[in-house]
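Participant: Model the following, please.
(chains A and B)
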Amino acid sequence: MSLLLQLALLFGKISLLAIGGANATVPEIARQVVTLRHWLTPAQFAQLYAISNAAPGPNVLIATILGAHVAGVAGGIIATLAMVLPSCTLAVLVSLGFERHAHARWRRVVQAALLPITAGLVLSAAVVLARQSDTGWLTAAITLAVAVCAFRTKLHPLVLLGCGAIFGLFFL
Amino acid sequence: MGFFQAGIFGFGGVLPMARRMVVDERRWLTQAEFNELFALCQSLPGANITNLAAVFGMRQQGVGGVAAALSGLLAAPMAIVMLLSGLYARYGTLPPVRHALVGLAAAAAGLLLGAAGRIATPVLKTLHNVAVALLVLAMALALHVSLPLTMLLVLPLSLFFSWRATP
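Facilitator: Below is the predicted model of the structure:
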C-alpha cells in the first residue's frame, strides 16, 4: 500500500476517534507510527510532537509534521486533511441535524461521559511522551518542572518550551 | 479571514484567539452562540477548533465557507510546520540542535502533563469518573489496547454512569 494512502487511512480513522481533541490520540498515533510501523524512533516522535506544539496553530499539526516527516509536503497535506475532514464533516452534519436540541439531556449525558475518558487519554498521552523524551534524570526534571508550572501558573506555553530547549542546549 | 489570524497567532492554543476574533472583534457570533457551538463541537470527535471553524463556515456560507474557514485556520500553520519538519530532517542530528530538541521534547511532555492535570482535576471528583479514567489509562499504557477498542469498551460504561448521574 502506498505511503500516502496509509497516512490517509491512519489519520482518517484517528480523526473520528479524537474524542477530547488531537492530544487525546497521541498514544494511538505513537502506537501506530512508532511501535507498529517503525516510521520513527520514540525520541523522534517526542521531538516532532514538541516542534508541532511549539509552532503556532491547532493541535492537529501533529498529523502535519508526522506526514511531512514520513512523505514530504504531500504527506503533510494528506495527513492533515485526513485528520481534519472526517471529524469536520461529522460536526457539520450533526450541527445541521440537531441545531434545535441545543440543551437536550442527551448532550449533557454525552459530554459528562466524555470528560473522564478525555482525562484518561490526555494523561496517557503525557505519560507516553514523557517515556519517550525522558532519557535521564535531567530530562525527567524538565518534564516535572514544566508540568508543575503549566498546572499552577499562567506562564505562556511558549516560554516553558523555550526554557526546556535552552536548558537542553546548555546542560544535556 | 478571521480564522487566518487566529491560526497564525494561536501559539499553543488557537481557541482563545478564535473566540476573540469571532465574538469580540468581528461580532459574527454572540458569546452565547459561540458557547453553544463550542459545546456541540466538544462532544464530537476531532479538534474543537477545526470542528468549530467548519460548523461556523457552513452556517455562514455553506460548503465554500467551510473551505474558507478551514484553509484560513490551517494553511499558514501547516506551511510553518512543514518547513520546520524539513529543517528537522536536515539539522536535527547536529549536536547543539539535538540537545535543544531533547530539552524541548521533555518540556512538551511536561506541558501536556500539566494540561492533563488541569483537565483531570475538576473531572475526577466522582468515583465512577476516577474508575473510567483509570480504566482508559490502564488500557492505553499497560495493555496497549488500540484506541477504537478502548472506545468501544469504555464509552458505553461511561455513558451508563453519566446517564444515571445526569438529572
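Participant: max-length helix in chain A?
Facilitator: When chain A is parsed with DSSP state H, its longest helix is helix A:61-97.
Participant: quick one: that helix to chain centroid distance?
Facilitator: With Cα atoms, centre = their mean, to the nearest Å as the basis, helix A:61-97 stands 12 Å off its chain's centre.
Participant: Pull out the buried residues from whatever helix or strand comes next after that helix.
Facilitator: Per DSSP states H and E, the first helix or strand lying C-terminal to helix A:61-97 is helix A:105-133. Using 16 or more other Cβ atoms under 10 Å in any protein chain shown as the test for burial, helix A:105-133 gives A:107-110, A:112-130, A:132-133. C-beta: built from backbone N, CA, C; applies to glycine.
Participant: So which elements touch helix A:105-133?
Facilitator: Here helix A:105-133 touches helix A:26-30, helix A:42-54, helix A:137-152, helix B:31-42, helix B:95-123, helix B:127-141, helix B:147-165, going by 3 or more Cβ pairs under 8 Å, 6 or more residues apart in numbering or on different chains; DSSP states H and E.
Participant: Do any residues in the longest helix of chain A lie close to chain B?
Facilitator: Yes - shown here: helix A:61-97 in contact with chain B (Cβ under 8 Å from any Cβ of the partner chain) through A:61, A:64-65, A:68-69, A:73, A:76-77, A:80, A:84, A:86-92, A:94-96.
Participant: Contacts only, for residue B:50.
Facilitator: Shown in contact with residue B:50 (Cβ atoms under 8 Å, 6 or more residues apart in numbering or on different chains): A:58, A:60, A:84, A:87-88, B:70, B:73-74.
Participant: And those, which is closest to residue B:147?
Facilitator: Nearest to residue B:147, judged by Cβ to Cβ, of these is residue A:87 at 13.8 Å.
Participant: can you tell me which residues contact the closest residue to the closest one other than its chain neighbours?
Facilitator: Nearest non-adjacent residue to residue A:87, counting by Cβ to Cβ, 6 or more residues apart in numbering or on different chains: residue B:46, 2.4 Å away. The contact partners of residue B:46, by Cβ under 8 Å, 6+ apart, come to A:15-16, A:18, A:21, A:84, A:86-88, A:90-91.
Participant: Would you verify that residue B:46 is located in a strand?
Facilitator: No - under the criterion used here (DSSP: H, G, I helix; E, B strand; the rest coil), residue B:46 is coil, not part of a strand.
Participant: Report the central residue of chain A.
Facilitator: residue A:23 (3.2 Å; Cα atoms, centre = their mean).
Participant: three-state assignment of it?
Facilitator: helix.
Participant: roughly how far apart are it and residue A:59?
Facilitator: When Cβ to Cβ, to the nearest Å is applied, the distance between residue A:23 and residue A:59 equals 6 Å.
Participant: What of residue B:129?
Facilitator: Relative to residue A:59, and taking Cβ to Cβ, residue B:129 is found at 23 Å.
Participant: do residue B:128 as well
Facilitator: 28 Å.
Participant: Also residue A:167?
Facilitator: Residue A:167 sits 24 Å away from residue A:59, going by Cβ to Cβ.
Participant: Identify all contacting residues around stretch B:52-68.
Facilitator: A:88-89, A:91-92, A:95-96, B:3, B:18, B:22, B:28-29, B:37-38, B:40-41, B:69-70, B:72-73.
Participant: which parts of stretch B:121-136 are buried?
Facilitator: B:123-124, B:129-130, B:132-133, B:135-136.
Participant: ditto for stretch A:8-20
Facilitator: For stretch A:8-20, burial by neighbour count (16+ other Cβ under 10 Å) applies to A:8, A:10-20.
Participant: what's in contact with that stretch?
Facilitator: Residues outside stretch A:8-20 that contact it (Cβ under 8 Å, 6+ apart) are A:24-25, A:28-29, A:32-33, A:63, A:67, A:78-87, A:90, A:114, A:117-118, A:121-122, B:45-47, B:119, B:147-148, B:151.
Participant: Stretch A:143-161 now?
Facilitator: Outside stretch A:143-161, the residues that reach it (Cβ under 8 Å, 6+ apart) are A:50, A:53-54, A:126, A:130, A:133-134, A:163-164, B:11-13, B:104, B:106-111, B:113-115, B:117-118.
Participant: May I have that stretch exported as PDB, CA atoms only?
Facilitator: In PDB, the C-alpha atoms belonging to stretch A:143-161 read as follows (Å, rounded to 0.1, in the frame of the first residue of the first chain):
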ATOM      1  CA  THR A 143       9.200  17.500  32.400                       C
ATOM      2  CA  LEU A 144       8.200  17.700  36.000                       C
ATOM      3  CA  ALA A 145       9.200  21.300  36.400                       C
ATOM      4  CA  VAL A 146       7.300  22.300  33.300                       C
ATOM      5  CA  ALA A 147       4.300  20.200  34.300                       C
ATOM      6  CA  VAL A 148       4.100  22.000  37.700                       C
ATOM      7  CA  CYS A 149       4.500  25.400  36.100                       C
ATOM      8  CA  ALA A 150       1.800  24.600  33.500                       C
ATOM      9  CA  PHE A 151      -0.600  23.300  36.200                       C
ATOM     10  CA  ARG A 152       0.000  26.000  38.700                       C
ATOM     11  CA  THR A 153       0.900  29.200  36.800                       C
ATOM     12  CA  LYS A 154      -0.400  31.000  33.800                       C
ATOM     13  CA  LEU A 155       3.000  31.200  32.100                       C
ATOM     14  CA  HIS A 156       2.800  31.100  28.300                       C
ATOM     15  CA  PRO A 157       3.400  27.600  26.900                       C
ATOM     16  CA  LEU A 158       6.000  29.000  24.500                       C
ATOM     17  CA  VAL A 159       8.000  30.400  27.500                       C
ATOM     18  CA  LEU A 160       8.100  27.000  29.100                       C
ATOM     19  CA  LEU A 161       9.000  25.200  25.800                       C
END
